[in-house]
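Peer 1: one predicted model, sequence on top.
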Amino acid sequence: MVRWSRTKRFAVGLMAALLAACSGSSSSPPEPDIAWHDCDPEAVSEEYINQLGERLKCATLAVPLDHDDPRGATIELGLSRVAAGDPSRRRNAIFVNPGGPGADGLSLGAELGALFALADPSDPLGAKLRRISDEYDVIGFSPRGLGSSTHLTCELDAQFHVTLLASTAFTPENLNAIHENKLLEARACRANPLTPYINTDAVVRDIDFVREKLGDEKVSYIGYSYGTWLGLWYASRFPERVDRMMLDSVVNYTLPSFYAEGDDQAVPLQFILDELVSPYAAALDPIFGLGSSPDEIRGIFGELPVELQTVLSSKLYGLLFSQKAADDTVVQLGAAKGVGEVLHAHPDAPREELEARVAERRYAPDDEVDEVMREAASELLDGTLELKSGERDPVELDPESAVNKAVVCNDGPSPTDPEFWIREVEAIRDTAPVFARIANCTDEWGGPSVAKPDVEGARRVPNILFVQNQYDGATPLDGALKTRDLLGNVSLVYQTRDYTHGVFPSQEVCIDDPVAEFFAADEIPDRYVVECEGKGLLDGLPSAAAGALPETLRAQAVRGASGDASSAYLDPDVARTLAQRIHDQIRSAAAAARGADAR
């Protein structure tokens, strides 16, 4: 259970204020201007503050709690801004969102702004990136409910049940305990009067509220993962206010509610584990020591005790969002294999003996890998023994988890019959045992608080740019293509072979150049499809077994020019570091969304 401190300092006061608002009291309307000030280094890294100087500022803006009652109660919205480098050429502001729901995007604005500011105007790609830096503000924000905005928390005087992975602990007792935990979450969140106002529609209207305060007729946008859902919701509600919109790692917007996006992840993630990572580990058996047969490695998970399977599932989920984390993924598998063997051989041993046996065994032929696996094994054992102990956590959801739960359950209709979710798990538990889950909002939630707007509005936006990796398991290509077909006004930059969640900035010309051109061009470009050849784990691994472009799209695609984008930046090393931080934040946001629903 994640702990926090800031929330509880004002939670009681917030509750009182919201209850007063609900009883009919009102506050003054927001101030007309945004009061920008120096950023708090605890919210935005001092590194960006030093690099960007006066261009980087932050603000706390009062926004309506309920946008349908603009003169009623307000809550606080945390903002960051990297101002356009050349105010005389300023177009508008690019709002950015890293995903989630439940992720703070305040620092993402500073990171992207710092990256654009590093562009070398003497380089062809760098000149386009520098135009973005010179001509747009970059706005990061903490979505309502978390970060530097007013916090949402969900608490109840009760304890969660200890639960195990639904796909392998497929017993009435465990499935009922999972359902009871979902009921407790719903009761805890519904007890907070802020909860109904935490949803995608409210965040969309917050963005538009800020747009108006900035004095802009139109807004531009970069969104990742859930941020693509947020962006399309904005485009559907306010199509005439959209300038440029780039959506990276696109969710399936044809779904009635965001709950089902997570349900679509299990099979693609299992594909990555079985068909990409397992052959990779087998090919490097002299280093990792998990076996030279992919089938042997695929079989590791099924041989583990269910408590260890539960812990390992959570570890693997986030790692499979990054192809660069393939070695870390194999390390977790090797560590789990070793811990499982110790637990099977000594089922009744005391904790001290188990810890000693896990610490003294050999895991991998390579000494460095062996040491890393041993450290991972210690963590896996701790998590496994904690589950075995039966210790129960209090019903407390931190702001990130609470916002995730609220958005998922408020955004649209979702099945609440426990039997529906049991059937869902049963249908895929054999094909995707590592990642099948239950995400029931339950009847206790009371149904959604908003309705997704008609997508007809988004169809009127001249061109929306999608960027997608072939094997992305968090937001699978199939869902992105369904969304593209739904809209009909989409350009696509598509990278083959890679399974990383989050593509731009890629440090590859083929991807970064069309994205930069999309924002830098004087006129919005005509629609296009660009196919970029990515790099798989090993040349011999499949590149078209899943997630390939349909032939109709492939026929339209232009093969993009390959090349390293390092020369586009004045300091390539700093640019690579910034790009990595951006990607870490995107994947952390997606992984945190699963963590919010882990019970």
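Peer 2: Thanks, I have the structure now.
Peer 1: and the strands in the stretch 51-200 of the chain, which stretches?
Peer 2: 56-64, 74-82, 92-97, 136-142, 154-159 (DSSP state E, counting those that start in this stretch).
Peer 1: who wins for proximity to P505 among the ones you listed?
Peer 2: Nearest to P505, of all these, is strand 92-97, at 12.1 Å by Cβ to Cβ. Any C-beta I mention is one placed from the backbone N, CA and C, and that applies to glycine too.
Peer 1: chain center to the closest one, what's the gap?
Peer 2: 18 Å (Cα atoms, centre = their mean, to the nearest Å).
Peer 1: what mean pLDDT does it get?
Peer 2: Strand 92-97 shows a mean pLDDT of 98.
Peer 1: hang on, the earlier thing: can I get the strands of the stretch 51-200 of the chain in TSV with mean neighbour count and distance to P572?
Peer 2: Listed next are the strands of the stretch 51-200 of the chain as TSV, based on neighbours: other Cβ atoms under 10 Å; distance: least, Cβ to Cβ, whole Å:
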stretch	mean neighbour count	distance to P572
strand 56-64	20	22
strand 74-82	24	20
strand 92-97	26	23
strand 136-142	27	21
strand 154-159	16	44
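Peer 1: can you lay out those as TSV showing distance to M245?
Peer 2: Converted to TSV, the strands of the stretch 51-200 of the chain look like this (distance: least, Cβ to Cβ, whole Å):
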stretch	distance to M245
strand 56-64	22
strand 74-82	19
strand 92-97	9
strand 136-142	13
strand 154-159	32
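Peer 1: looking at those, which is nearest to L549?
Peer 2: Comparing the strands of the stretch 51-200 of the chain by Cβ to Cβ, strand 92-97 comes nearest, at 26.3 Å.
Peer 1: quick revisit: which one of the strands of the stretch 51-200 of the chain lies closest to A345?
Peer 2: strand 154-159 (33.2 Å).
Peer 1: tell me which of the strands of the stretch 51-200 of the chain lies nearest to L247.
Peer 2: Judging the strands of the stretch 51-200 of the chain by Cβ to Cβ, what sits closest to L247 is strand 92-97, at 10.1 Å.
Peer 1: please name the strands paired to that closest one in the sheet, noting orientation.
Peer 2: strand 136-142 (parallel), strand 219-225 (parallel) (DSSP bridges).
Peer 1: so which residues make contact with that strand?
Peer 2: 81, 103, 105, 108-109, 112, 132, 136-141, 143, 207, 210-211, 214, 216-224, 226-227, 230-231, 243-244, 519 (Cβ atoms under 8 Å, 6 or more residues apart in numbering).
Peer 1: just the buried subset of those residues, please.
Peer 2: 81, 103, 105, 108-109, 112, 132, 136-141, 143, 207, 210-211, 214, 216, 219-224, 226-227, 230-231, 243-244, 519 (16 or more other Cβ atoms under 10 Å).
Peer 1: and the lowest mean pLDDT element among the helices and strands of this protein?
Peer 2: helix 6-22 (a mean of 43; mean pLDDT, DSSP states H and E).
Peer 1: circling back to that earlier point, nearest to Q580 among the strands of the stretch 51-200 of the chain would be which one?
Peer 2: Using Cβ to Cβ, the nearest of the strands of the stretch 51-200 of the chain to Q580 is strand 92-97, at 16.7 Å.
Peer 1: got the angle between the closest one and strand 74-82?
Peer 2: Relative orientation of strand 92-97 with respect to strand 74-82: 110 degrees, computed using axes from the mean of the first three to the mean of the last three Cα atoms, to 10 degrees.
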